[in-house]
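Trainee: Next input, structure requested:
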Amino acid sequence: MNNMKYCCDSLAHDYDLFMPKTAKNRPDNSTAEVSSEAPSKVIPLKRANKASSKADRKASHKKLFACMATVFIIGAVFCNIYLRAEISKVGNELNNIEVVTEQLKSEQTRLSVELEKKTSVGNLEKQASRLGMQKQEKTQMNYIFNYEDGDIEESADAK
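Mentor: Sure thing, here's the model as predicted:
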């Protein structure tokens, strides 16, 4: 039996193996049957092989990587959905603003046309005739001339 495998790894030792042999422990015929049936005091422990521990670490790293990749992908999908919702929201607001802008432009055009109608020459003549005014004739016009030497002249007819 190789006892060195138990000594090197700080495992539990069966110190009876190192004790001097007594009549009780001697391998003769009467004690051989007892010793073979007696349970061994050495408890075999699992020794981790370096290869199996590396394989276990690789397997755990693969599981961890798979979990992290899954979390990352799910997070990216939720971020994508959230950003698309925000873009849609801003796009709807922009469309609403464009509709209001178009309504305001059409209102401005309508008001400009209405203002031009009210200030047109034909409309002014109608309002003047309704108030009893008449168009001025040439004989009713007076012209005032101002010369450079300071003389002012008024003329009743158009010359």
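Trainee: what comes into contact with stretch 106-126?
Mentor: Residues from elsewhere that reach stretch 106-126, judged by Cβ atoms under 8 Å, 6 or more residues apart in numbering: residue 135. The way it works is simple: take the backbone N, C-alpha and C, and place the C-beta from them, glycine included.
Trainee: Pull out the buried positions in it.
Mentor: The neighbour-count check on stretch 106-126 (16 or more other Cβ atoms under 10 Å) flags nothing as buried.
Trainee: Show the average pLDDT along that stretch.
Mentor: Averaging pLDDT along stretch 106-126 gives 90.
Trainee: Alpha carbons of it, as PDB, please.
Mentor: Extracted in PDB, the C-alpha atoms of stretch 106-126 (Å, rounded to 0.1, in the frame of the first residue of the first chain):
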ATOM      1  CA  SER A 106     -52.700  78.900 -44.300                       C
ATOM      2  CA  GLU A 107     -54.200  81.200 -41.700                       C
ATOM      3  CA  GLN A 108     -51.500  83.800 -42.500                       C
ATOM      4  CA  THR A 109     -52.300  83.500 -46.200                       C
ATOM      5  CA  ARG A 110     -56.000  83.900 -45.600                       C
ATOM      6  CA  LEU A 111     -55.500  87.000 -43.400                       C
ATOM      7  CA  SER A 112     -53.100  88.500 -46.000                       C
ATOM      8  CA  VAL A 113     -55.800  88.100 -48.700                       C
ATOM      9  CA  GLU A 114     -58.500  89.600 -46.500                       C
ATOM     10  CA  LEU A 115     -56.200  92.600 -45.700                       C
ATOM     11  CA  GLU A 116     -55.600  93.200 -49.400                       C
ATOM     12  CA  LYS A 117     -59.300  93.000 -50.100                       C
ATOM     13  CA  LYS A 118     -60.100  95.700 -47.400                       C
ATOM     14  CA  THR A 119     -57.300  98.000 -48.600                       C
ATOM     15  CA  SER A 120     -57.900  97.700 -52.300                       C
ATOM     16  CA  VAL A 121     -58.700 100.800 -54.400                       C
ATOM     17  CA  GLY A 122     -62.100  99.500 -55.400                       C
ATOM     18  CA  ASN A 123     -63.100  98.900 -51.800                       C
ATOM     19  CA  LEU A 124     -61.900 102.300 -50.800                       C
ATOM     20  CA  GLU A 125     -64.000 103.900 -53.600                       C
ATOM     21  CA  LYS A 126     -67.100 102.000 -52.500                       C
END
